[in-house]
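**Student:** coords below, sequence missing:
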Ligand SMILES: [Zn+2]
Ligand SMILES: [Zn+2]
């Protein structure tokens, strides 16, 4: 089956490598699989000379100081991607939230997007090497904030905590899947940095609870684009045959699909 890739980056994300918006347009026009452009909201919102400011303890102060110009940068970015939109290409964002839960995005604009990803990208408790229970509490607070903003998909849920050596407890896993079920968002299998055992646990529980899964390559370089081998491996290991995938995988609304069809 053809996957919908909910998660790709362009030159508008500071950590992107060789990918460009123009390159995606070429691929869409050539008839590749459907995908969404989802750059990091904070790296567009924050000042060009401080695009990593969100990842510091000054994140809130910098946000306050650039609120209007940051909102304008996001509006301009969304208009740019929408103008470039071509067949099978969707317009989205990878939404960041501040530690207090405020979104790093202009009010009232999320609703215009085809795909809203939510990410836990910066955790002060990890930066300051706080005890695990504080890390878990901060994770839950950020996910609740993202849910409140109406995300479609929670992406790479445990990337930060696992990379920092904070294990995925059964309690946190159950909490996340219950939150997804209650709020109605999907959970991403992320191909950029896989955590196979934790992804398998997450997928297995999501299937039990009827929570949808989203396929994201999180493309930062062209070699990642269209590579669904990791996702297929996880789905198969979870006991799902290819004939069942369609029923478990998240896709944008028909209205978004119509816009993307041009
Ligand atoms: Zn991310
Ligand atoms: Zn990403």
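**Tutor:** Good, I have the coordinates. Because the structure is predicted, anything quoted here is derived from the model rather than measured. Numbers count the residues shown, from 1 in each chain. Ligands and ions are numbered 1, 2, ... in the order given.
**Student:** OK, contacts around residue 241?
**Tutor:** By Cβ atoms under 8 Å, 6 or more residues apart in numbering, the contact set of residue 241 is empty. Every C-beta, even on glycine, is put in place using the N, C-alpha and C of the backbone.
**Student:** hang on, residue 39 packs against residue 95?
**Tutor:** No - with contacts counted by Cβ atoms under 8 Å, residue 39 stays clear of residue 95, the gap being 10.5 Å.
**Student:** show me what the longest strand belonging to the chain is packed against.
**Tutor:** In the chain, with assignment by DSSP state E, the single longest strand is strand 89-95. On a contact count with 3 or more Cβ pairs under 8 Å, 6 or more residues apart in numbering; DSSP states H and E, strand 89-95 meets helix 21-29, strand 35-37, helix 41-45, helix 67-84, strand 115-118, helix 254-260.
**Student:** phi first, then psi, for residue 129.
**Tutor:** Main-chain dihedrals, residue 129, degrees, to the nearest 10: phi 50, psi 50.
**Student:** any idea how far the closest residue to residue 70 other than its chain neighbours lies from residue 144?
**Tutor:** Distances taken as Cβ to Cβ, 6 or more residues apart in numbering put residue 45 closest to residue 70, at 3.8 Å, once the chain neighbours are dropped. Remark: distance between residue 45 and residue 144 (Cβ to Cβ, to the nearest Å) = 21 Å.
**Student:** these two - which one has more neighbours?
**Tutor:** residue 45 (26 against 15; other Cβ atoms under 10 Å).
**Student:** how deep is the residue lying closest to residue 19 once chain neighbours are set aside tucked in, by neighbour count?
**Tutor:** Excluding its sequence neighbours, the residue lying closest to residue 19 (Cβ to Cβ, 6+ apart) is residue 10, at 5.7 Å. Neighbourhood size, residue 10 [other Cβ under 10 Å]: 21.
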